[in-house]
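Trainee: What follows is a protein structure lacking sequence information:
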């Protein structure tokens, strides 16, 4: 006779799994990876490979030797961290080995020190990225000039990103909106092409892995705030005694990391609020802080800091915003 | 709000309702319903007929129990039910099939009902009618609307949103007229102008049949509903049909609604028009791995093993779980020698692979449990609160609003047993409230 299993209801499951979610996020990052290889050549590929390999290796080592738990590398979350970390650095030759240090910080401090997947308060890739930005400011702000498709020798010339030009009080005249949309601009490896990012985001929306709330609130707030600043006389503002050009709202969201941050990093399930209302607040906070840091902060770009700061207040947002009850 | 879309697996919709042959012995539990057990009114050696009262409702929350067979009472003692709990029961050796004379067994369909509302409610009590949607709530209590409350809508639950189950589907196809008469009787008992029969859109055949039949009756409308589990949960159904929401901790009657299952309406017809007590129900025998799919009319008190023997010969070698009810809210049967009861709606057989839970992984705070919750609750939060024994906070976060539909666990990518934890939490909250009262 058979031995019957006994368990509480429900007795069926949707088949959804963490593993499937994470690998789908990786799928969604592929267009961005391809575009970065197209614009930045072999460097982009090598940086991505090293970053992903290091993230997986460090997680495996920490789980095996320090935490002494079964490895969870195959769930794909370390790969997501690795890709996002790679996407947040400039595609210079230096980065091929520097990104390994970022990976150690991202996985070791950003993720595993809190207990691993699901327990980290901050986006691990951004923890790694900000560590690198502060530790290697020169290498992290040396940008290869984008020049055609599949360039072979990138490091020869370096140039500023559009946001860097604005920060210096200049105006990036050679950058068209179409360049910014397709990705033909200076910037971190994975942030340049809004088109590729939107493709991936559309896939995640379709698979219901992300909802529209955070990206729309993030990008919308950044655009709105930029519009307000852009509407100042002559599109300029006096900041710390220097006259600065204000980017128009479209340039503001298409250059820099707003798209990548809003679609792939602020939407990280672990570090963003649970309720839809909370997600709108979170996204709006990211957008607002990004522009504040860009215009009044020390760095030309503020997406990483903005998201990390909002990660920090996520528990607070979760306390204040709950789903709408069926009754009452 | 909320809800999920489990695989429907309605593979037994084409199986015509068959009569399950009588077994050699039945065990009739005195707890066939929500509330206190009925008091046995027969003793060892007594001869009983089909439909004879054997358990009497002597407390308020209780329902009469009648003999489903004719024969000799073997003993009156406790019996382990399908879920391992001991319940008082009457064991009857089956001899022949002799019915109580007052029961009208002719196939003639009687539409005319001259009883007054009070007489209808009294007869529901006499006939031991309970809700057949799962909760087995005694019908005479539900239809005796307490003073100060007013019924405005009668809602008939024919949603059958649970995967696999097809008993309601078949009853509607085969007994549409009786159902409509039953609904009319219940409408009369409540004194409401309209009754709405809610059916999910994935059942076009029953919708068509019921619509055609309902058009011959006054005050019955068929409401096709969006396909979404748990559309047939009482509060969700009321909301879908009336737009009203039953407040936390309140009952449907507080928003002027009374909800009964479509199978109950059929039982009401038989009880009121044919004098037949509730001694039979319709039950689906189904499962992906089974060689055949069935819908049966079975006498209560027949064991799961008897049903399986007749329907399948034996359980397939690969069987991993037998469920009484649907896969979302049904209960896993641990004792196949236990008898079925009035509320049993199915014998669902799952193979070993389907039956096993997948290993639990870390919560990634994706919020799918909260998104899927039809009550707008936060299962992930309850999980943490219950695990840390923070019961008061769970209560403040309305854990008792949970209807245990299973959407949270169903949608959790980390396979966390959220519904189990919430059930535990609800019991702890209730225990805490009891302790405070004392």
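Mentor: Arrived safely, thanks for sending. Note that the coordinates shown come from a computational prediction; the quantities given were computed from them, not determined experimentally.
Trainee: so which strand or helix has residue B:414?
Mentor: Residue B:414 is part of no helix or strand, with elements assigned from DSSP states H and E.
Trainee: Leaving out chain neighbours, which residue sits closest to it?
Mentor: residue B:361 (4.6 Å; C-beta to C-beta, 6 or more residues apart in numbering or on different chains). (Glycine included, C-beta is placed from N, CA and C.)
Trainee: So the one you found versus residue A:75, what's the distance?
Mentor: 7 Å (C-beta to C-beta, to the nearest Å).
Trainee: overlap in contacts of the two?
Mentor: By C-beta atoms under 8 Å, 6 or more residues apart in numbering or on different chains, residue B:361 and residue A:75 have these common neighbours: residue A:18.
Trainee: ok, those two, which is more surrounded?
Mentor: Legend: neighbour count by other C-beta atoms under 10 Å in any protein chain shown for residue B:361 and residue A:75, higher for residue A:75 (21 against 18).
Trainee: wait, what's in contact with the more buried one?
Mentor: A:18, A:19, A:22, A:117, B:361.
Trainee: if we go to 10 Å?
Mentor: A:17, A:18, A:19, A:20, A:21, A:22, A:23, A:59, A:117, B:361, B:362, B:364 (C-beta atoms under 10 Å, 6 or more residues apart in numbering or on different chains).
Trainee: which residue sits closest to it in space, ignoring its chain neighbours?
Mentor: Nearest to residue A:75 is residue A:19, by C-beta to C-beta, 6+ apart, at 4.7 Å.
Trainee: Just say helix, strand or coil for that neighbour.
Mentor: Following DSSP: H, G, I helix; E, B strand; the rest coil, we place residue A:19 in the helix state.
Trainee: can you count the residues close to it?
Mentor: Residues within reach of residue A:19, counting by other C-beta under 10 Å, total 15.
Trainee: pretty sure it contacts residue B:362?
Mentor: No. Using C-beta atoms under 10 Å, residue A:19 is not in contact with residue B:362, being 11.6 Å away.
Trainee: residues shared between the contacts of the two?
Mentor: A:72, A:75, A:77.
Trainee: And residue B:58, how far from chain A?
Mentor: 32 Å (C-beta to the nearest C-beta, to the nearest Å).
Trainee: ok, now which ones touch residue B:300?
Mentor: Residues counted as contacts of residue B:300 (C-beta under 10 Å, 6+ apart) are B:26-29, B:32, B:65-69, B:128, B:278-281, B:339-344.
Trainee: Just the buried ones out of these, please.
Mentor: B:26-29, B:32, B:65-69, B:128, B:278-281, B:339-344 (16 or more other C-beta atoms under 10 Å in any protein chain shown).
Trainee: Next step: those residues restricted to strands.
Mentor: B:26, B:27, B:28, B:29, B:65, B:66, B:280, B:281 (DSSP state E).
Trainee: Pull the contacting residues for the fifth one.
Mentor: Same thing as residue B:65. Taking C-beta under 10 Å, 6+ apart, one finds B:28-33, B:37-41, B:53-57, B:89-90, B:128, B:130, B:277-279, B:300-301, B:341-342 in contact with residue B:65.
Trainee: Tell me the spacing between it and chain A.
Mentor: Taken as C-beta to the nearest C-beta, the span from residue B:65 to chain A is 26 Å.
Trainee: partners of that residue in the sheet?
Mentor: residue B:55 (DSSP bridges).
Trainee: State the pLDDT value of it.
Mentor: With respect to pLDDT, residue B:65 has a value of 96.
Trainee: Over to the third one?
Mentor: Reported pLDDT at residue B:28 in the predicted model: 96.
Trainee: Quick check: nearest residue in space to it, chain neighbours excluded?
Mentor: In this structure, residue B:28 finds its nearest non-sequential neighbour in residue B:301, 4.2 Å apart by C-beta to C-beta, 6+ apart.
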